[in-house]
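Student: how would this look folded up:
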Amino acid sequence: MISSFALVVIVIVVALIFDFVNGFNDAANAIATIVVSKTLTPFQAVCMAAAANFIGYFVFGTAVATMIGKGVVQFDQVTLPLIFAALIGAVVWQIITWRMGLPSSSSHALIGGLIGSGIAAAGLSTVKWAGVGKIFAFIFLAPLIGIVCAMIVTAITIWIFHKQKPADTHGIFKKMQLVASLCSSVGHGTNDAQKTMGIIALALFTGGVSSSFETGHIDNWVVLAAYTAISLGTLCGGWRIVKTMGTSITKIGPMEGFCANVAAASVLLTTSHAGIPVSTTHVMAGSIMGVGTIQHARCVRWITARRILMAWVFTIPLSATCAAVTYFIVSNLIKALGGIH
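Tutor: Numbering: from 1, shown residues only. Purely as a prediction, here's the structure:
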């Protein structure tokens, strides 16, 4: 037999690995533009982004964590093997897309994992389809909102500085881009680290270790562990995806980087406050496309955009499939060992 406490520990370790890979995979979201525009060196950029990830802990609540923990699958049907399988499905999909250099969504990989393992464990009824529907809608809405916001910000910026020579504004935009990128990193940490918090808090409650999540509270050590893991992942960086985000969608300079980051930060911080778990990858990619579109639609490399879109579409079903397979393997292994006590 395997003890419930040991399984909780295993789930927490895997959750923090997921959080680390999340930061590793999503480092490109906030830093691609400032690296490509040579505002900061890659090392300086990831250090700034990693530090900024922590700011959300002191500023924002845990609405996204609660949504992930209680809004995807039925709270009373969650088991530790279900959570474990969901995490494995999400991690595997993230590693696959990182190897391909595609900026996929860690958020939707985790949600897909929860859906897949939930269905494998207790059937379709275990999934909260209303909550999933809202999340699924933002697969399309988040990048579209990012595109529109970026187009508006870019148009306003061009109008304000249209009488200035590019050489005179280059230094100004570099400084402004730093602030905007910092805000994007805060939004990234706030939205993405909370997903892991929700999973760990759910595991602690399911395993009978802590009941705080039932009352809507998340233990401080869980919050700190999640933010630390995602910050360390960001510090390690994901350079394959930096190249895709920063050079393969459209040409990025300090002005374009500033506009893209302002748009992305606005969307991320707003949705985090509302408790909607959106993809930082989707938002930033959409913002970069919006900047390119407002200058000229032909500035956007739509072939690359199509590849990214395909990764978005397949994230939930493929991570769900991987999680379902993992659940069957894990549940049969636990039965062979004599169950959980």
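Student: May I have the secondary structure class of T39?
Tutor: coil (DSSP: H, G, I helix; E, B strand; the rest coil).
Student: Now the nearest residue to it once chain neighbours are set aside: which helix or strand?
Tutor: Nearest non-adjacent residue to T39, counting by CB to CB, 6 or more residues apart in numbering: K174, 4.8 Å away. Where C-beta positions appear, they are placed from N, C-alpha and C, glycine not excepted. Under the criterion of DSSP states H and E, K174 resides in helix 166-206.
Student: downstream neighbour of that helix in the secondary structure list?
Tutor: Using DSSP H and E, the helix or strand that directly follows helix 166-206 along the chain is helix 220-236.
Student: quick one: contacts of that following helix?
Tutor: Outside of helix 220-236, the residues within contact range by CB atoms under 8 Å, 6 or more residues apart in numbering are 12, 16-17, 19-27, 46-47, 49-51, 53-54, 56-57, 62, 185, 188-189, 192-194, 196-197, 200-201, 204.
Student: Name the SS class of the residue in the chain sticking out farthest from the centre, please.
Tutor: The C-alpha centroid of the chain is most remote from K163, which lies 38.4 Å away (CA atoms, centre = their mean). Three-state assignment for K163 (three-state DSSP): coil.
Student: if I look at it, how far off is T169?
Tutor: Relative to T169, K163 is positioned 10 Å away (CB to CB, to the nearest Å).
Student: Tell me who's in contact with I95.
Tutor: Counting by CB under 8 Å, 6+ apart, the residues that I95 touches are V21.
Student: in the host helix or strand of it, what counts as buried?
Tutor: Applying DSSP H and E as the criterion places I95 in helix 80-100. Under the neighbour-count criterion of 16 or more other CB atoms under 10 Å, helix 80-100 has 80-94, 96-98 buried.
Student: Now do the same for G118: its pLDDT.
Tutor: Looking at G118, its pLDDT stands at 91.
Student: just to confirm, which helix or strand has it in it?
Tutor: With DSSP H and E as the test, G118 turns up in helix 106-122.
Student: in the next helix or strand after that helix, what counts as buried?
Tutor: Downstream of helix 106-122, the first helix or strand assigned by DSSP H and E is helix 129-160. Within helix 129-160, the residues scored as buried using 16+ other CB under 10 Å are 131-132, 135, 138-139, 141-143, 145-154, 157.
Student: so where's the stretch 101-250 of the chain shaky on pLDDT?
Tutor: Within the stretch 101-250 of the chain, the stretches with pLDDT under 70 are 101-104, 214, 216, 237-250.
Student: run the last query once more with 90
Tutor: 101-112, 121-151, 153-199, 201-224, 226-250 (pLDDT under 90).
Student: and the angle from the stretch of helix or strand T281 belongs to to helix 106-122?
Tutor: Secondary-structure assignment from DSSP H and E places T281 in helix 280-295. Relative orientation of helix 280-295 and helix 106-122, computed by axes from the mean of the first three to the mean of the last three CA atoms, to 10 degrees: 140 degrees.
Student: other SSEs contacting helix 280-295?
Tutor: helix 4-36, helix 129-160, helix 166-206, helix 239-247, helix 254-274, helix 302-336 (3 or more CB pairs under 8 Å, 6 or more residues apart in numbering; DSSP states H and E).
Student: Convert the fifth one to PDB, retaining C-alpha atoms only.
Tutor: I take that to be helix 254-274. C-alpha atoms of helix 254-274 as PDB (Å, rounded to 0.1, in the frame of the first residue of the first chain):
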ATOM      1  CA  PRO A 254      11.900  49.200 -28.700                       C
ATOM      2  CA  MET A 255       8.700  50.900 -29.800                       C
ATOM      3  CA  GLU A 256       7.000  47.700 -30.900                       C
ATOM      4  CA  GLY A 257       8.200  45.900 -27.700                       C
ATOM      5  CA  PHE A 258       6.700  48.700 -25.600                       C
ATOM      6  CA  CYS A 259       3.300  48.600 -27.300                       C
ATOM      7  CA  ALA A 260       3.100  44.800 -27.200                       C
ATOM      8  CA  ASN A 261       4.100  44.600 -23.500                       C
ATOM      9  CA  VAL A 262       1.600  47.400 -22.500                       C
ATOM     10  CA  ALA A 263      -1.200  45.600 -24.200                       C
ATOM     11  CA  ALA A 264      -0.300  42.200 -22.700                       C
ATOM     12  CA  ALA A 265       0.200  43.500 -19.200                       C
ATOM     13  CA  SER A 266      -3.200  45.200 -19.300                       C
ATOM     14  CA  VAL A 267      -5.000  42.000 -20.300                       C
ATOM     15  CA  LEU A 268      -3.100  39.800 -17.900                       C
ATOM     16  CA  LEU A 269      -3.600  42.000 -14.900                       C
ATOM     17  CA  THR A 270      -7.200  42.500 -15.600                       C
ATOM     18  CA  THR A 271      -8.000  38.800 -16.100                       C
ATOM     19  CA  SER A 272      -6.000  37.900 -13.000                       C
ATOM     20  CA  HIS A 273      -8.100  40.300 -10.900                       C
ATOM     21  CA  ALA A 274     -11.200  38.800 -12.400                       C
END
